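1. Below is the sequence, then the predicted model.
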Amino acid sequence: MRRFLGACLGIILIPYFLPAKTLKTIHKSQFDAKSAPNVLLITFDTTRADHLSCYGYVRRTSPTIDRLAAHGVLFENAYTVEPLTGPSHITMMTSLYPQQHGATINGMHMSTHPRPILLAQIFHRLGYKTAAFISAWTLRKSMTGLGRGFHIYNQNFTYHYKMVNSARRGNQVGAASRRWLRKHGHSRFFLWVHYFDPHEPYVLHPQFAHLPHMKNAKIFPISASVDAYRAAKIRAYDSEIAIDDNDLAKTFKLLDDLGVRDQTLIVFVADHGENLGEHGIWGHGYHINQQEMHVPLIFSYPKEIPQGERIKANVSTVDILPTILSYVGLHFRVPGQSGYSLKPMITNGGKDAPARPTYFLVYSEPTLLPPQWMSIFWTWAETKRIPSLTGFVEGNLKVVSSGSQDALRLYRLDDVFSQAKPVSSKGMSIATLTGYREGLDSWFKATNRGMEPQGHLSKEDFEMLKSLGYANP
């Protein structure tokens, strides 16, 4: 690990940000516009990999996603960089870790001085039609900065989540995105659609309350005979995945109807997972358990990507942007890029995949920085910018550190997805344990930009995020 860490840091220490004129170095002549694909990025909120049937779950929650995996490549061990919606999505769009782009918690805008380059800006520069359809307040463009580069950034929220209009259902965001696609589907496009439904409070959808079971399943939900309350919540959660999967089928059919499916790179991923009562924990954002960090990741592009492949190598959501650019044929490295293109790994079916550590972290309270109208608390909030937990996986070993000398935890990852077994460090040398800790410390120090908090929240923003469970009363 140490040898590879040195190589990693050599890349990481490249200056993170260059002036906005960097985008001007991208020219349409640098890629073949005739052969470059459309790109459809689908993100499901709060979706555990091990609750999708293509990952071995007994309930058939995801027939549409299963078919996508059958026509593409599924990564069995993909990890989010942080289990929060805002920071995670910004990482996907920048190939930067949260401590690099500056948005370390929900409600924090990415750095504006300087600004990271976004995937949508690159596509805009290349002449693509660009559109985003999001379904939760957490991703509002004024709050995150994700609107740059999109011709359309649709954030029309229609239903009350607890107290206020702050989200919309999957069928609503899906229908809105398909209206846009019918109009622009014959142009070169980059379309991002975000589904929010698999999120607390879980709503049981009657038409998906009794999902058929998969044969040869490896993962089973808790039995109602053991814990009726938890079983009911898990059934509702599963139904929310299923209802969004059902809507997604309409989008894929539209691609077929438009005759553009074979010319479209589809990327399916979740921003993070969810604790469903394991160890008495519900929700996400505070821990780096497998249930929160292990996410589904699928790439499908019939013209170039093998069909039905499964790759075991550990990968990260920070790898999404460079992988997409590779398939577009654009040889452009985003300033400060921390991810790697997965295209060589996909082409080789995962053979000889580089054995590099995959990093992640989570920040301590508060889960929401005080907005500008509470500016008296900004000095206090600045002291909360050190992560409460950092970690990495390498092979089937997972290492988690809280930063203190006696809090290094080791886990062996199970063959069953999202399961990890504690490993005793008694049989390991002090040098090995010291190397793990130093590796995590070095990674964080090398990537931490120490960004000033970017406050773009109004009182309304604060109330909306509180209604979504991302702010303390």
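-> Noted; the coordinates are in hand. Source: prediction; values computed, not measured.
2. contacts and neighbour counts: CA atoms only from here.
-> Will do.
3. So which bits of the longest helix seen in the chain are buried?
-> What stands out as the longest helix in the chain, according to DSSP state H, is helix 228-258. Residues of helix 228-258 classed as buried: 230-252, 254-255 (neighbour count, 16 or more other Cα atoms under 10 Å).
4. part of a helix, is residue 176?
-> Yes - counting by DSSP: H, G, I helix; E, B strand; the rest coil, residue 176 is part of a helix.
5. my read: it touches residue 134, true?
-> No - between residue 176 and residue 134 there is no contact under Cα atoms under 8 Å: 9.9 Å.
6. More neighbours: the two, which one.
-> Shown here are residue 176 and residue 134; by other Cα atoms under 10 Å, residue 134 has more neighbours (28 against 16).
7. before we move on, back to that, so what's the gap between the longest helix of the chain and the chain middle?
-> In terms of Cα atoms, centre = their mean, to the nearest Å, the centre of helix 228-258 is found 18 Å from the chain centre.
8. helices or strands up against that helix?
-> With contacts taken as 3 or more Cα pairs under 8 Å, 6 or more residues apart in numbering; DSSP states H and E, helix 228-258 sits against helix 63-70, helix 170-184.
9. want to throw those helices into a markdown table with mean pLDDT and distance to residue 147?
-> Shown next, in a markdown table, are the helices and strands packed on helix 228-258 (pLDDT from 0 to 100; distance: least, Cα to Cα, whole Å):
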| stretch | mean pLDDT | distance to residue 147 |
| --- | --- | --- |
| helix 63-70 | 98 | 27 |
| helix 170-184 | 96 | 16 |
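10. Please identify the deepest-packed of those helices.
-> Among the helices and strands packed on helix 228-258, helix 63-70 has the highest mean neighbour count (mean count of other Cα atoms under 10 Å), at a mean of 19.
11. Show me what that one is packed up against.
-> If you count contacts as 3+ Cα pairs under 8 Å, 6+ apart, helix 63-70 packs onto helix 228-258, strand 294-300.
12. now the shortest one: how far from the chain's centre is it?
-> Translated: strand 294-300. On Cα atoms, centre = their mean, the centre of strand 294-300 falls 9 Å from that of its chain.
13. For it, name the packing helices and strands.
-> Applying 3+ Cα pairs under 8 Å, 6+ apart, we find strand 294-300 packed against helix 63-70, strand 73-79, strand 264-270.
14. Low-confidence regions, the chain specifically.
-> Counting by pLDDT under 70, the ranges of the chain that qualify are 1-31, 159-165, 365-385, 404-406, 427, 450-473.
15. residue ranges for the helices of it, please.
-> In the chain, the segments counted as helices under DSSP H are 2-12, 63-70, 85-94, 98-101, 119-125, 141-144, 170-184, 228-258, 290-293, 320-328, 343-347, 378-382, 430-447, 459-467.
16. Break the protein down into its domains, please.
-> Structurally, the chain divides into domains by automatic domain parsing as follows: 2-355, 362-467.
17. looking at those domains, which is buried most?
-> domain 2-355 (a mean of 20).
18. end to end, how far does stretch 199-218 reach?
-> Stretch 199-218 stretches 24 Å from its first residue to its last (Cα to Cα, to the nearest Å).
19. Mind listing residues that contact it?
-> Residues outside stretch 199-218 that contact it (Cα atoms under 8 Å, 6 or more residues apart in numbering): 45-46, 53, 56-61, 233, 235-237, 239-240, 242-243, 283, 416.
20. Stretch 81-93 too?
-> Here stretch 81-93 makes contact (Cα under 8 Å, 6+ apart) with 45, 80, 96-98, 101, 103-108, 110, 118-120, 138-139, 144, 146, 271-273, 284-288, 292-293, 316-321, 359-362.
21. same thing with stretch 239-255?
-> By Cα under 8 Å, 6+ apart, the surrounding residues in contact with stretch 239-255 are 47, 60-65, 170-171, 174, 178, 182, 185, 195, 197-198, 202-205, 208-209, 211, 261.
22. how about a cut-off of 7 Å?
-> Stretch 239-255 has contacts (Cα atoms under 7 Å, 6 or more residues apart in numbering) with 61-62, 64-65, 170-171, 174, 178, 195, 197-198, 203-205, 208-209, 261.
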